[in-house]
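**Q** Any chance you can model this:
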Amino acid sequence: YLSAVVVNDKIITIGGIHTPDPLPSWKTLRVEIYDSETRRWSNHPVRSGNSRAQYMTTVEIYNPVLGTWSDGAPAPQARHDAEAVVIDSVVYWIGGHGAGHRVGRLESMDAYDVATDSWSSKAPMTKKRHNPAVAVVDKQIYVFGGNDGIEPCHDLVERYDPPSDTWEILGRMPNCLTVG
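**A** Below is the predicted model:
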């Protein structure tokens, strides 16, 4: 439930569970920043919101320089337990679990352009994924494992190329894994 990003050599963590009890009511909306040079943590203002697990289209943008929050354009579909990565000021929201007419695990991916405050749909993954692991290497998105709703986890590895909007299956991991 915890997300982390790196901005100007600082690690920003948002959310998470702050107690050994994994009930959704124990989720937090905290923002904490770790400065790798001073090796110190600082707390930042939280946005008032709902810490219970739910499907949302809300986009909230935190500016770590100003310490302020703003609203972004709503996401095109509600989902939770998706993963996100950033390439050149575009946030890619990958897989997860959908609500409404898209109930169940998702293979879809949407991209949020921070500069234009707009969303676009991208090519879907080859397999539905809930709680996959994701990484960016050389501006390519790698997606590992996850849960497809049929098996508890799977071992498939895919790579997404943003300029061509295409996915490629790269193979399998030694073990099936899921995050979360």
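**Q** Next up, the contacts around residue 83.
**A** 93-96, 131-134, 143, 179 (Cβ atoms under 8 Å, 6 or more residues apart in numbering). To be clear about C-beta, it is placed using only N, CA and C from the backbone, and glycine gets the same treatment.
**Q** please redo it, this time with the cut-off set to 7 Å
**A** Listed by Cβ atoms under 7 Å, 6 or more residues apart in numbering, the contact set of residue 83 reads 94-95, 132, 134.
**Q** same thing with residue 36?
**A** Going by Cβ under 7 Å, 6+ apart, the list of residues near residue 36 reads 9-11.
**Q** Those into a markdown table, with extra columns for pLDDT and secondary structure?
**A** Converted to a markdown table, those look like this (pLDDT from 0 to 100; DSSP: H, G, I helix; E, B strand; the rest coil):
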| residue | pLDDT | secondary structure |
| --- | --- | --- |
| 9 | 77 | coil |
| 10 | 78 | strand |
| 11 | 80 | strand |
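**Q** quick check, nearest of these to residue 169?
**A** Closest approach to residue 169 among those (Cβ to Cβ): residue 11, at 31.5 Å.
**Q** what's the neighbour count on that closest one?
**A** Look at residue 11: counted by other Cβ atoms under 10 Å, it has 14 neighbours.
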